[in-house]
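J.: Coordinates for the following, if possible.
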Amino acid sequence: MMERWTDLMPDKAEAQAMLRGVMPIGRMGTAEEVAGAILFFASADSTLCQGAVLSVDGGFTAQ
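T.: Residues are numbered from 1 along each chain as shown. You can find the predicted model right below:
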C-alpha cells in the first residue's frame, strides 16, 4: 500500500525497512486487510458502532 510513497525515496529498500521498523506488527498492511475493515463498517454487523473511529494501521497510532 505504501509503494507510491516508497517509489519516491532514493533507496526504496531502505524506506520499506524503515516503515516496517516503526510498525508494531513489523510489516505494512495489505489492501485486503483494509478492505476487511471497510466491509465490516458497511455491513449489518456494525449497527452498534456509532461514531466510532477504527484505525486500520497495524497498531501504529496505539504506540
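
J.: which SS class is the residue nearest the centre of the chain?
T.: Within the chain, one residue has its C-alpha closest to the average C-alpha position: by C-alpha atoms, centre = their mean, that is Asp57, at 3.5 Å. Using DSSP: H, G, I helix; E, B strand; the rest coil, the structure places Asp57 in coil.

J.: Spit out the contact partners of it.
T.: Gly29 (C-beta atoms under 8 Å, 6 or more residues apart in numbering). Glycine gets a C-beta too; all of them are placed from N, C-alpha and C.

J.: What are the boundaries of the strands in this protein?
T.: Read by DSSP state E, the chain holds no strands at all.

J.: Name the spans of it whose pLDDT lies under the cut-off.
T.: Where the chain drops to pLDDT under 70, the residues are 1-2.

J.: Could you find the closest non-adjacent residue to Gly59?
T.: Pro24 (3.6 Å; C-beta to C-beta, 6 or more residues apart in numbering).

J.: burial of the one you found, as a residue count?
T.: If you count neighbours by other C-beta atoms under 10 Å, Pro24 ends up with 12.

J.: ok, it to Ser46 distance?
T.: 24 Å (C-beta to C-beta, to the nearest Å).

J.: Mind listing what's buried along stretch 49-62?
T.: Buried residues in stretch 49-62, counted by 16 or more other C-beta atoms under 10 Å: Gly58.

J.: And that stretch, end to end?
T.: From its first residue to its last, stretch 49-62 covers 20 Å (C-alpha to C-alpha, to the nearest Å).

J.: With stretch 40-50 instead?
T.: 13 Å.

J.: ok, and what's touching it?
T.: Outside stretch 40-50, the residues touching it (C-beta under 8 Å, 6+ apart) are Leu54.

J.: can you give me how far that stretch is from the chain middle?
T.: Stretch 40-50 sits 20 Å away from the centroid of its parent chain (C-alpha atoms, centre = their mean, to the nearest Å).

J.: Distance-wise, check the residue nearest to Gly59 relative to Ser55.
T.: 12 Å.

J.: how deep is Thr47 tucked in, by neighbour count?
T.: Number of residues near Thr47 (other C-beta under 10 Å) recorded here: 7.
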